[in-house]
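> Coordinates for the following, if possible.
(one chain, ligands or ions: 2)
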Amino acid sequence: MYRIIDKIISFILEEIKYNHDKVNYTLYQITLILILSIFLCILLFLVPYLKTENNVGSFTYENRDFSYEPIKPIPIDLKLNEKKVSLGEKLFQDPIISRDGNLACSNCHDIKSAGILPKSKEIETEINIPTVFNSSFNFRQFWDGRSQNLEEQISGQISENNLHWKIIIDRVKQNSNYNIEFKKIYNDGITVKNIKNSIAEFEESLLTPNSRFDKFLRGEQNQLTELEKKGYEKFKSLGCIHCHQGINIGGNMFQTFGVYGNYFKDKGKLDPYDYGLFNQTGEEKDKFKFKVPSLRNIAVTAPYLHDGSVKTLEEAIELMGKYQLGKKISKEEVFLILNFLKTLTGEYKGKSL
Ligand code: HEC
Ligand code: HEC
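Ligands and ions are numbered 1, 2, ... in the order given. All right, here's what the predicted structure looks like:
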């Protein structure tokens, strides 16, 4: 397009030169007006094209291909066995599915409280309770990733001991409704494997799609404010995205906690579980290595970190800058990232978490 304008300008200059030598001054004037009007018409015609070209270089998401974004939206369509999901949900809420028969999964992972312990409740746990929402997207389960999948995780949580499981199976068998429901789904009825299978199927249904950020990723520009968009850009440019990425904005790799500086030394306390993956492998390189946690619904799942030591998201962002990026993140940057992270709260059964 610039070439066309260039040509027109040089043409006008040529004309002026040529006409200057001419005696007929009126003809010169008419020609010039004519050329200028054609030029004006062309310019008007090109205005819409000029606009799009300007936008390419500036800060805008228009016409952007979102399939290249390092974060992917949570799928909306789920293909799950509804009968298993419904049975799994009952087991999840039933205290008989625990070693002592008094604590249901839902007591610690309350579905109505973003999949964590409700604020009003006090249950002592060694390590911070992670949310069960979207856990099926994590490549491993638990903070240190010691379980490969959800079914293995249930044994890790309840008991690795067959004797404990035998007691649990006996309790489930005493319930006639469970006997009927298990028989409808599984040929071999109530077994450890089938209990785990149905709870895991229920957990796979615990997804939180339709966060404002996911809608934005699907192309709905107006879902995010300019501030939130800037927050996302900051999250990427500062380097958070190198670890927190993919469908769960985390949950797909191990990373050392304290890449820059020693968090545990600064805290002045080191508990056995702080060694992370090292507890499984015994290898020096795995000391303080953790599964990078998911940042989905992070605004509603305080407290933070495996030790639950951080109460606010602002504090967690600053701390990540210090120990994971070796950067002092300014107050303004923290504010931007905080606003972006707040857009990651999704919906369960059509309701925001
Ligand atoms: C006493 C409270 C408590 C109960 C009861 C409980 N959990 Fe947990 N859950 C935790 C804690 C604490 C962790 C983290 C442990 C760790 O990482 O070492 C956890 C981790 C998990 C995780 C891993 C999530 C992730 O992102 O890594 C899943 C999934 C889970 N629990 C599901 C269940 C299921 C299913 C049950 C019932 C069979 C259950 N929990 C019962 C406290 C509890
Ligand atoms: C080098 C990898 C890495 C980078 C870079 C990184 N993180 Fe993390 N992040 C982690 C790990 C590992 C943890 C878990 C630490 C723990 O609990 O022991 C974590 C935990 C978090 C948590 C707490 C999650 C929870 O459920 O408690 C938040 C929030 C967080 N990161 C945000 C960020 C932000 C914002 C940035 C950029 C400023 C960032 N992270 C950069 C690896 C990283």
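
> how many other residues sit next to residue 157?
18 (other Cβ atoms under 10 Å). Backbone N, C-alpha and C define where each C-beta goes, glycine included.

> repeat for the one 4 residues further on
By the criterion of other Cβ under 10 Å, residue 161 has 11 neighbours.

> State the pLDDT value of it.
Listed pLDDT for residue 161 reads 82.

> Could you check how far it is from residue 95?
18 Å (Cβ to Cβ, to the nearest Å).

> before we move on, what about residue 325?
Taken as Cβ to Cβ, the span from residue 325 to residue 95 is 43 Å.

> How about residue 284?
Taking Cβ to Cβ, one finds residue 284 at 41 Å from residue 95.

> Neighbour count: those two, which is higher?
Taking neighbours as other Cβ under 10 Å, residue 284 and residue 95 compare with residue 95 leading, 14 against 7.

> what residues are up against the closest residue to the more buried one other than its chain neighbours?
Excluding the flanking residues, the one nearest residue 95 by Cβ to Cβ, 6 or more residues apart in numbering is residue 104, at 4.5 Å. Residue 104 makes contacts with 92-95, 97-98, as judged by Cβ atoms under 8 Å, 6 or more residues apart in numbering.

> Low-confidence bits of the chain, can you list those?
Along the chain, segments meeting pLDDT under 70 span 1-6, 8-25, 27-28, 41, 43-65.

> quick one: the helices in it?
Ranges of helices within the chain are 2-21, 25-57, 82-92, 105-108, 150-158, 162-173, 176-185, 192-204, 212-217, 226-238, 263-267, 278-281, 313-320, 331-341, based on DSSP state H.

> What residues does the protein have near ligand 1?
92, 97, 103, 105, 107-109, 123, 125, 127, 129-130, 132, 135, 138, 141-143, 150, 153-154, 157-158, 199, 203 (Cβ under 6 Å from any ligand atom).

> which of the residues you listed are buried?
92, 97, 105, 108-109, 129-130, 132, 135, 138, 141-143, 150, 153-154, 157-158, 199, 203 (16 or more other Cβ atoms under 10 Å).

> Near ligand 2, which residues of this protein? Just list them.
Residues of the chain lying near ligand 2 (Cβ under 6 Å from any ligand atom): 238-240, 242-244, 255, 257, 259, 290, 292-293, 295, 298, 304-306, 316-317, 320-321, 324-325, 337.

> Of the residues you listed, just the buried ones, ChimeraX syntax please.
This is how ChimeraX selects the buried members of the residues of the chain next to ligand 2, with burial counted by 16+ other Cβ under 10 Å:
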select :238,240,243,244,255,257,290,292,293,295,298,304,305,306,316,317,320,321,324,325,337
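
> Residue 287 contacts residue 276, doesn't it?
Yes: between residue 287 and residue 276 there is a contact under Cβ atoms under 8 Å: 7.1 Å.

> Compare the two (neighbour count), which wins?
Neighbours of residue 287 and residue 276, each counted by other Cβ under 10 Å, are more numerous for residue 276; the result is 24 against 18.

> these two touch, right, the more buried one and residue 255?
No: applying Cβ under 8 Å, one finds residue 276 not in contact with residue 255, separated by 9.7 Å.

> Now list whatever residues contact both of those two.
289-290.

> Provide a list of residues in contact with the spatially most central residue of the chain.
In the chain, the centroid-proximal residue (Cα atoms, centre = their mean) is residue 249; its distance is 3.3 Å. Listed by Cβ under 8 Å, 6+ apart, the contact set of residue 249 reads 71, 294-296, 344.

> roughly how far apart are it and ligand 1?
Distance of residue 249 to ligand 1, computed by Cβ to the nearest ligand atom, to the nearest Å: 13 Å.

> do residue 189 as well
19 Å.
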